[in-house]
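K.L.:
Fold the stuff below for me.
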Amino acid sequence: MKKMIMLLLIAGVACSTSAFAKDVKCKVTLDNQVIVNETCKFIPFKDNGSFWLTGENGLFQDIESFKVQITGDGVAKVYAEGSGEELNYWGKATRSKSAPACWNGYGYAKYQICAYAK
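P.N.:
Numbers count the residues shown, from 1 in each chain. Below is the predicted model:
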């Protein structure tokens, strides 16, 4: 019985997460060069605004997705997930005041990650 309840809880969480996934316009720049400019999936994963951006066939070279984990007011940690499911820390980012759909970072390199509602 406990196993059944646990499986139902896990299934419910998985379904509810995918139910919140929505198509957005993704734009990612790296050192001022656009590397992603396409539709992708926006998947929220915490109650604080944190999210994943994933592409149907990956997003750029071996990058499958980006994780923007909110750590404070207008501050986040950004990760790129490779095809081997490893997370590479790109550094801290701040939310753009002029373009609130975007996060600007300067850790791994100068980058910007934007997720525009469609």
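
K.L.:
Go ahead and flag the most central residue of this structure.
P.N.:
Nearest to the mean C-alpha position of the chain, by C-alpha atoms, centre = their mean, lies residue 52 at 2.4 Å.

K.L.:
Next one: that residue from residue 98, what distance?
P.N.:
For residue 52, the distance to residue 98 equals 24 Å [C-beta to C-beta, to the nearest Å]. Every C-beta, even on glycine, is put in place using the N, C-alpha and C of the backbone.

K.L.:
Show me the shaky parts of this structure.
P.N.:
In the predicted model of the chain, residues 1-19, 57-59, 61 satisfy pLDDT under 70.

K.L.:
ranges for the strands of it?
P.N.:
Per DSSP state E, the chain carries strands over the ranges 22-30, 33-44, 51-54, 63-72, 75-82, 87-95, 102-105, 111-117.

K.L.:
Can you list the buried residues in the first one?
P.N.:
Taking 16 or more other C-beta atoms under 10 Å as the neighbour-count basis, strand 22-30 is seen to contain the buried residues 24, 26, 27, 28, 29, 30.

K.L.:
Equivalent analysis for the last one, please.
P.N.:
If you call a residue buried by 16+ other C-beta under 10 Å, then strand 111-117 has these buried ones: 111, 112, 113, 114, 115.
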